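**Student:** what's the 3D shape of this:
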Amino acid sequence: MVRMIPAALLLSLVVQAQKTDTPYPTMAPLDQYMSADRNAEMALARTAATKAIADHAEVMVLEQQGYKTAVKGTNGFVCIVQRSWTAPFGDPEFWNPKIRAPICFNPPAVRTYLPITIARTRLALAGNSETQMLDAINSALDKKELPALEAGAMSYMLSKQGYLGDQAGHFHPHLMFWAERTEPKSWGAGMLGSPIIGGEEIPGRLTVFMIPVGKWSDGTPDSHDEK
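**Tutor:** Numbering: from 1, shown residues only. This is a model prediction of the structure:
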């Protein structure tokens, strides 16, 4: 059974990009974003999806120059642990070094959305500001140095072990879908009783939708209490 997102948390997640105050105004020292244990990061990445998907997926780990393939896959999926700079631009936790967000991309997302994640990561690791990163991504999209989004691009975020931010914590197990810029209400996102959260991820270009599901990747139910 799909659990509804508490209204207060939903509101916080949707409007937080409008806030100007943030406890993380700039990037923290790089070592705070890095994992001390490569094998632990690989294991965490695989918790993003069920074993039927994750056991056969490619796994990438974060190194000081960016994401590198640690294990080759056979099913076209790629699992990684995202850091804070993959959040929507304007998010007050854009530089929160505590964030660890396991995610498994499906093949269309691997081909057309993962390159954006990889590019954002390289820009962050090179010391660019959030504004500089946004400008660089927009420029790369304009010049077609990054691929156009493919229909059906989605991902699994079912990890019980992830930490998605100080506001969201472990959040809920959910699926994410990307679309070219579209009105979230066309998906019913944010409407009364709807489980769908929607918002702009790259302003003016991409819309992201999050749909909570009832179980974590290990098959246990989401036990968040509804308020």
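
**Student:** helices along this protein, start to end?
**Tutor:** Assigned by DSSP state H, the helices in the chain fall at 7-15, 38-46, 51-54, 107-112, 114-125, 130-142.

**Student:** any idea of the mean pLDDT in the fourth one?
**Tutor:** When pLDDT is averaged over helix 107-112, the result is 98.

**Student:** columns mean neighbour count on top of the helices of the chain, output as CSV?
**Tutor:** Quick note: C-beta positions are derived from backbone N, CA and C, even for glycine. Below are the helices of the chain laid out as CSV (neighbours: other CB atoms under 10 Å):
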stretch, mean neighbour count
helix 7-15, 14
helix 38-46, 18
helix 51-54, 16
helix 107-112, 19
helix 114-125, 20
helix 130-142, 15
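
**Student:** M191 is nearest to which of the ones you listed?
**Tutor:** Nearest to M191 among the helices of the chain is helix 7-15; the distance by CB to CB comes to 11.0 Å.

**Student:** out of the helices of the chain, which is closest to S155?
**Tutor:** Nearest of the helices of the chain (CB to CB): helix 107-112, 5.6 Å.

**Student:** now for the closest one, which elements pack on it?
**Tutor:** strand 154-157 (3 or more CB pairs under 8 Å, 6 or more residues apart in numbering; DSSP states H and E).

**Student:** could you list the low-pLDDT ranges of this structure?
**Tutor:** Where the chain drops to pLDDT under 70, the residues are 1-21, 224-227.

**Student:** ok, L164 - contacts?
**Tutor:** For L164, the contact set (CB atoms under 8 Å, 6 or more residues apart in numbering) comprises I99, A101, H170, F171.

**Student:** T22 now?
**Tutor:** By CB under 8 Å, 6+ apart, the contact set of T22 is P92, E93, F94.

**Student:** among those, name the buried ones.
**Tutor:** P92, E93, F94 (16 or more other CB atoms under 10 Å).

**Student:** and the residues you listed, which is closest to P108?
**Tutor:** The nearest member of these to P108, counting by CB to CB, is F94 at 25.9 Å.

**Student:** the closest one and A87, how far apart?
**Tutor:** To A87, F94 is 5 Å away according to CB to CB, to the nearest Å.

**Student:** check Q132 too.
**Tutor:** For Q132 relative to A87 (CB to CB), the value is 16 Å.

**Student:** repeat that for A119.
**Tutor:** Counting by CB to CB, the gap from A119 to A87 is 15 Å.

**Student:** can you give me the neighbour number for M210?
**Tutor:** Each residue near M210 was counted by other CB atoms under 10 Å, and the total is 20.

**Student:** in this structure it contacts E201, no?
**Tutor:** No. Using CB atoms under 8 Å, M210 is not in contact with E201; the gap is 10.6 Å.

**Student:** so which of the helices of the chain is nearest D31?
**Tutor:** Set against D31 and scored by CB to CB, those come closest in helix 114-125, at 11.8 Å.

**Student:** dump the closest one to PDB, restricted to CA.
**Tutor:** What follows is helix 114-125, C-alpha atoms only, in PDB (Å, rounded to 0.1, in the frame of the first residue of the first chain):
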ATOM      1  CA  LEU A 114      23.100  10.000 -15.900                       C
ATOM      2  CA  PRO A 115      25.400  12.100 -18.200                       C
ATOM      3  CA  ILE A 116      23.900  15.200 -16.500                       C
ATOM      4  CA  THR A 117      24.600  13.700 -13.000                       C
ATOM      5  CA  ILE A 118      28.200  12.900 -14.100                       C
ATOM      6  CA  ALA A 119      28.700  16.400 -15.500                       C
ATOM      7  CA  ARG A 120      27.300  18.100 -12.400                       C
ATOM      8  CA  THR A 121      29.600  16.000 -10.200                       C
ATOM      9  CA  ARG A 122      32.700  16.900 -12.200                       C
ATOM     10  CA  LEU A 123      31.700  20.600 -12.000                       C
ATOM     11  CA  ALA A 124      31.200  20.400  -8.200                       C
ATOM     12  CA  LEU A 125      34.500  18.500  -7.700                       C
END
